[in-house]
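1. below: sequence and its predicted model.
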Amino acid sequence: MANIEDVYSLHSWIGTATISVFALQWLAGLSTFMFPQSEMTRKTILPWHVCGGRTLLYMSIAAALTGLMEKATFIGLRHSGEARLLNIMGLSILLFGIFVDLSVALASYV
């Protein structure tokens, strides 16, 4: 096992920020939508809540992709089947996120 420091890479910083923003988003959603609020307050907060969720989606995608690249760098992958598998996995994660975001963005038009 390599002796690698914690929280030094872009992957760890993005992951930490994603978890922190998720906790804030969860608490804001709980306090706004779970407890009795006026309908006007909920309508005002909803676009910001959706925007925060979409931001979290892309932050988690960025964390996953940088984690894949970090792992590939650590184990020294070059031109091999494993490297192609990591690239396909990264593209799959990215495309999944794009389609989820499109479904959220277009849901208001249905």
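-> Perfect, thanks for sending it. Numbering: from 1, shown residues only.
2. what pLDDT does the model give R42?
-> pLDDT, R42: 81.
3. would you confirm that it contacts T32?
-> Yes: if you go by CB atoms under 8 Å, R42 and T32 touch, sitting 6.4 Å apart. For glycine as for every other residue, the C-beta is placed from the backbone atoms N, C-alpha and C.
4. more crowded one of these two?
-> T32 (16 against 12; other CB atoms under 10 Å).
5. what sits against the more buried one?
-> Residues near T32 by CB atoms under 8 Å, 6 or more residues apart in numbering: 41-42, 45, 49.
6. swap the cut-off to 10 Å and go again
-> 41-42, 44-46, 48-49 (CB atoms under 10 Å, 6 or more residues apart in numbering).
7. F96: helix or strand, and which one exactly?
-> Counting by DSSP states H and E, the element that carries F96 is helix 81-106.
8. which parts of that helix are buried?
-> Across helix 81-106, burial judged by 16 or more other CB atoms under 10 Å covers 86, 90, 93, 97.
9. I'd like those as a markdown table, with pLDDT and distance to A28 appended.
-> As requested, those are arranged in a markdown table below (pLDDT from 0 to 100; distance: CB to CB, whole Å):
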| residue | pLDDT | distance to A28 |
| --- | --- | --- |
| L86 | 91 | 35 |
| G90 | 94 | 31 |
| I93 | 96 | 26 |
| G97 | 95 | 22 |
